[in-house]
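Peer 1: Requesting a structural model of the entry that follows:
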Amino acid sequence: MTTANSGTSQQGAIVRIKKAGGSRWIPVQGEGRVGTHHAVTPTRIRFGQITSDELFISAKATAVGYPVENIGPEPLVARRYCGSEVHEE
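Peer 2: Residues are numbered from 1 along each chain as shown. I've put the predicted structure just below:
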């Protein structure tokens, strides 16, 4: 079973996310850093352009916790898709 949830951080905020399993992280508004990776919601994608709008966070990284920093001028909003190992039975 895969579930999704969303999170919002305000301009300049830094949060640390710690969960039980890996997840897919997709920004839907704003710009930030997830760990050492740049994450930005594209407004226009040109043919052949590489985007930074989808990340996979490993189970190892989520177990220790990873920082999410909003570096843009607006709220950073993202969807996280998690596998079944994230939820307790």
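
Peer 1: any low-confidence regions in this protein?
Peer 2: Filtered on pLDDT under 70, the chain yields the residue ranges 1-3, 83-89.

Peer 1: Let's see that with 90 instead.
Peer 2: Scanning the chain with the threshold set as pLDDT under 90 gives 1-9, 17-25, 41-46, 48-53, 58-59, 62-63, 80-89.

Peer 1: what's across from the residue most central in space within it in the sheet?
Peer 2: Against the mean C-alpha coordinate of the chain, by C-alpha atoms, centre = their mean, the closest residue is Trp25 at 3.6 Å. On the basis of DSSP bridges, Trp25 is bridged to Leu55, Arg80.

Peer 1: What distance do you get for it to Arg33?
Peer 2: Distance, Trp25 to Arg33, by C-beta to C-beta, to the nearest Å: 11 Å. C-betas here are computed from N, CA, C, even on glycine.

Peer 1: joint contacts of these two?
Peer 2: Common contacts of Trp25 and Arg33 (C-beta atoms under 8 Å, 6 or more residues apart in numbering): Ala39.

Peer 1: Can you tell me the element Ser62 falls in?
Peer 2: Actually, residue 62 is Thr. It isn't Ser. Secondary structure here is read from DSSP states H and E; on that basis Thr62 sits in helix 59-64.

Peer 1: And for whichever helix or strand comes after that helix, what's in contact with it?
Peer 2: Taking DSSP H and E as the definition, the helix or strand that follows helix 59-64 towards the C-terminus is strand 66-70. Among residues not part of strand 66-70, those counted as contacts by C-beta under 8 Å, 6+ apart are 7, 9-18, 30-35, 57, 76, 78.
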